[in-house]
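**Student:** Next comes the sequence, and after it the predicted model I'd like to discuss.
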Amino acid sequence: MKEKHHCQLLDIALATVVDAVIGTDAHDHITFFNPAAESMTGWRSSEALGKSLTQVFFLIDQENDKVIDRPLERAKLGQTEATGVRQAAVVNRRGLQVEIEFTWRPCMTRNVGLRVR
């Protein structure tokens, strides 16, 4: 019960931050999508939950104007840093580019496995 309470508090905290926060399961399906993520991507949380990240948005590297190919998957496989920050642009639902600082962090939980927020 204590762990469930902590997860609820974490979800409340992440839902109220001004940065876009998107959580995924081990298969990159969206499990958490806060209001800032809705604004950035043009997707409502109810529409995005359960979809794969690539169905909702993709990232463009601002240094070379190329699509960032599966950054979370590559991080999980150890092909790139496990955590990192990049200057990027999200291509949202309307096709507009929104400049962001893209940060990823793998988080292990006992019940869920790898969660990336």
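**Tutor:** Right, received. Where do you want to start? Residues are numbered from 1 along each chain as shown.
**Student:** hmm, which helix or strand of this structure has the shakiest average pLDDT?
**Tutor:** In the chain, the helix or strand scored least confidently by mean pLDDT, DSSP states H and E is strand 113-116, which has a mean of 41.
**Student:** where does the chain dip in pLDDT?
**Tutor:** Along the chain, the parts satisfying pLDDT under 70 run over 1-3, 5-6, 70-86, 104-117.
**Student:** Please, where are all the strands along it?
**Tutor:** Secondary structure of the chain by DSSP state E: the strands cover 22-24, 30-33, 58-61, 84-91, 97-104, 106-109, 113-116.
**Student:** Against which helices or strands is the third one packed?
**Tutor:** If I follow you right, that is strand 58-61. The elements that strand 58-61 packs onto, with contact taken as 3 or more C-beta pairs under 8 Å, 6 or more residues apart in numbering; DSSP states H and E, are strand 84-91. Yep, even glycine has a C-beta here, placed from its N, CA and C like the rest.
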